[in-house]
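Engineer: turn this into a model:
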Amino acid sequence: MAPKIKLYMFTGSAPSMSAQLMLEHKGVEHKRKHLLVGPHAFGMLGRGYQTMTVPALKIDGRRVQGSRDISRTLDELVAQRPLFPADPQRRAAVEQAERWGEDFQDVVRRCALCAAQRDPSAFSSLYRHPNPFMRLAGRMSRGLTIRLASAAHKATDRHGEEGVAMLPDRLDQIDAWIEAGLLNAPELNAADFQIAPNITLLLCFADLAPLVRGRPAARLAARVAPDFPGEVGPVLPAAWLAPTGSSASGPTTPSGVTGSGDVLRAIGDDNEPISSVPDQAHG
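Structural biologist: Next up, the predicted model:
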């Protein structure tokens, strides 16, 4: 008998989208429980989860939390359409890129929260609950939610500006992995699902979409995660965007980006992250 699986998530959460896409990729039947961002924290703890994190699965009473744990659990449940390659070296490369994607997720999340601080309607647009009554409750509480979420994820102006400055190099790295065949290969893997929703989220930003359009990364997003609800107008400070202007037209190969010829060697050490963002939060 197939296990009963429930996915706890909220709209606007890139890792929640990652989990949903992996479940669909595996062909796993599941029910979705859409939570209201902010109060979801109490709901997760009240359901017996160890942290407030979404996404989370409940599988016949077993609790699994975080997109990286979910990817491994799904491969345990369903062998078909594996999320991790059988070859040990390639698996190590996918696992490393998946971890890197979690850092990238933090960068994008901080950009979203910095935008919401300037235009709360952007928050309502991205984190749009499917139930209209819950949407109304979300609008009423969004000021407090934005403040609390910004504090929890350290979405200060300093971190936001640093995050925007990182984006061209981060996108260059994704493009290099695509060229190497680590991402957007014929068979999708856990790193594709971890990274692609965050690229799609960037495309919701009037300020940041030009950095993504025309890149191989944009084609990955269109294949894996073509739809991300929400729209964010031009609200980020011009001073943040000015240094990225020369990179918006296409990828470069700056120092620190792994090229196609040595991608597996460069990320084969499973103990060292490729790069890190301070104050990593799991998703």
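
Engineer: okay, CA-based contacts and neighbour counts for the rest of this
Structural biologist: OK.

Engineer: all helices of the protein, in order?
Structural biologist: Ranges of helices in the chain, per DSSP state H, are 14-26, 40-46, 67-77, 88-118, 120-126, 132-152, 157-180, 190-202, 209-212, 216-224, 238-241, 263-267.

Engineer: let me have these in CSV, extended by distance to G230, mean neighbour count and mean pLDDT.
Structural biologist: Listed next are the helices of the chain as CSV, based on distance: least, C-alpha to C-alpha, whole Å; neighbours: other C-alpha atoms under 10 Å; pLDDT from 0 to 100:
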stretch, distance to G230, mean neighbour count, mean pLDDT
helix 14-26, 12, 23, 97
helix 40-46, 20, 15, 89
helix 67-77, 22, 18, 97
helix 88-118, 11, 22, 97
helix 120-126, 4, 20, 95
helix 132-152, 13, 15, 94
helix 157-180, 19, 20, 97
helix 190-202, 8, 28, 98
helix 209-212, 13, 21, 96
helix 216-224, 15, 21, 98
helix 238-241, 21, 13, 96
helix 263-267, 34, 17, 38
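
Engineer: nearest to A2, out of those?
Structural biologist: helix 67-77 (9.7 Å; C-alpha to C-alpha).

Engineer: tell me how many other residues crowd the closest residue to C204 other than its chain neighbours.
Structural biologist: Nearest residue to C204 in three dimensions, chain neighbours excluded: E231, at 5.0 Å (C-alpha to C-alpha, 6 or more residues apart in numbering). Look at E231: counted by other C-alpha atoms under 10 Å, it has 18 neighbours.

Engineer: list the contacts for E231?
Structural biologist: By C-alpha atoms under 8 Å, 6 or more residues apart in numbering, E231 lies in contact with 122, 125-126, 204-206.

Engineer: just those now: which is nearest F84?
Structural biologist: C204 (29.1 Å).

Engineer: so the closest one makes contact with V232?
Structural biologist: Yes. Counting by C-alpha atoms under 8 Å, V232 is a contact partner of C204 at 5.9 Å.

Engineer: with neighbour numbers in mind, choose between these two.
Structural biologist: V232 (25 against 21).

Engineer: just grab the bridge partners of the more buried one for me.
Structural biologist: On the basis of DSSP bridges, V232 is bridged to F205.

Engineer: hmm, it is touching A115, no?
Structural biologist: Yes. Under the criterion of C-alpha under 8 Å, V232 makes contact with A115 at 7.5 Å.

Engineer: joint contacts of these two?
Structural biologist: Joint contacts of V232 and A115 (C-alpha under 8 Å, 6+ apart) are A122.

Engineer: N131 versus the nearest residue to G138 once chain neighbours are set aside, what's the distance?
Structural biologist: Closest residue in space to G138, ignoring its immediate chain neighbours: L36 at 6.9 Å, by C-alpha to C-alpha, 6+ apart. Distance, L36 to N131, using C-alpha to C-alpha, to the nearest Å: 10 Å.

Engineer: between the two, tell me which one has more neighbours.
Structural biologist: The neighbour comparison of L36 against N131 (other C-alpha under 10 Å) goes to L36, with 21 against 11.

Engineer: for the more buried one, what are its contacts?
Structural biologist: Here L36 is in contact with 10, 129, 134, 138 (C-alpha under 8 Å, 6+ apart).

Engineer: I'd say the first one and P130 touch.
Structural biologist: No. If you go by C-alpha under 8 Å, F10 and P130 don't touch, sitting 9.4 Å apart.

Engineer: who's more crowded, the two?
Structural biologist: Each of F10 and P130 has its neighbours counted (other C-alpha under 10 Å); F10 has more, 24 against 13.
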